[in-house]
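Student: build me a model from this:
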Amino acid sequence: MPQPRSRPRLRIACAAVIMAGGLVGCSVSAKSAAPEEKAFPFSGQTLNVKSHDIPTDLVAADRHDIKVTRWFDHKPGSSTTLRWELRDETLDLEAGCTGLAFCDARFRVEVPRGVKVLRDGRATDLRGS
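Tutor: Coordinates of the predicted model:
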């Protein structure tokens with residue numbers, strides 16, 4: 001007697017549930033990552049922050065340099081791309097993973113008061129300290 005046609009679908013559904021359950025332990029969160037900090041000397045009037053769609057808080061602060069704090073979490077074995085550099089008046093922030101990888105990132109950028117800040121080339125407002 002032939003098997004009902006729903007058997008292959010049931011097997012696929014069961015495999016999907018098992019795989020999804022296995023990924024639950026793979027979650028990562030920048031909220032639990034240890035912060036890293038880096039300061040950049042800055043004397044310009046305008047700063048363009050390229051954040052590559054990574055959550056980035058831009059904050060006005062009483063300082064003369066630019067302070068960047070990065071939170072980055074990833075699973076061991078992930079191929080990561082980390083960059084934070086200031087060239088001229090552009091701050092380039094990148095943190096991510098490639099391939100089948102699990103990672104999460106966020107940044108906080110403290111900028112001297114009075115500096116005009118752009119986010120990816122567009123004007124943006126700064127938060128208070």
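
Student: which residues of this structure fall in strands?
Tutor: For the chain, strands defined by DSSP state E occupy the ranges 35-41, 46-50, 56-61, 65-74, 79-87, 90-98, 103-112, 116-119, 122-123.

Student: who are the packing partners of the third one?
Tutor: This points to strand 56-61. Counting contacts by 3 or more CB pairs under 8 Å, 6 or more residues apart in numbering; DSSP states H and E, strand 56-61 packs against strand 103-112, strand 116-119. To be clear about C-beta, it is placed using only N, CA and C from the backbone, and glycine gets the same treatment.

Student: now the second one
Tutor: For strand 46-50, the contact count by 3+ CB pairs under 8 Å, 6+ apart identifies strand 90-98, strand 116-119 as packing neighbours.

Student: format those strands as JSON lines; extra columns: mean neighbour count and mean pLDDT.
Tutor: Output for these, formatted as JSON lines (neighbours: other CB atoms under 10 Å; pLDDT from 0 to 100):
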{"stretch": "strand 90-98", "mean neighbour count": "18", "mean pLDDT": "90"}
{"stretch": "strand 116-119", "mean neighbour count": "16", "mean pLDDT": "95"}
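
Student: same list (these) but as TSV, adding distance to residue 48.
Tutor: What follows is those, written out as TSV (distance: least, CB to CB, whole Å):
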stretch	distance to residue 48
strand 90-98	5
strand 116-119	4
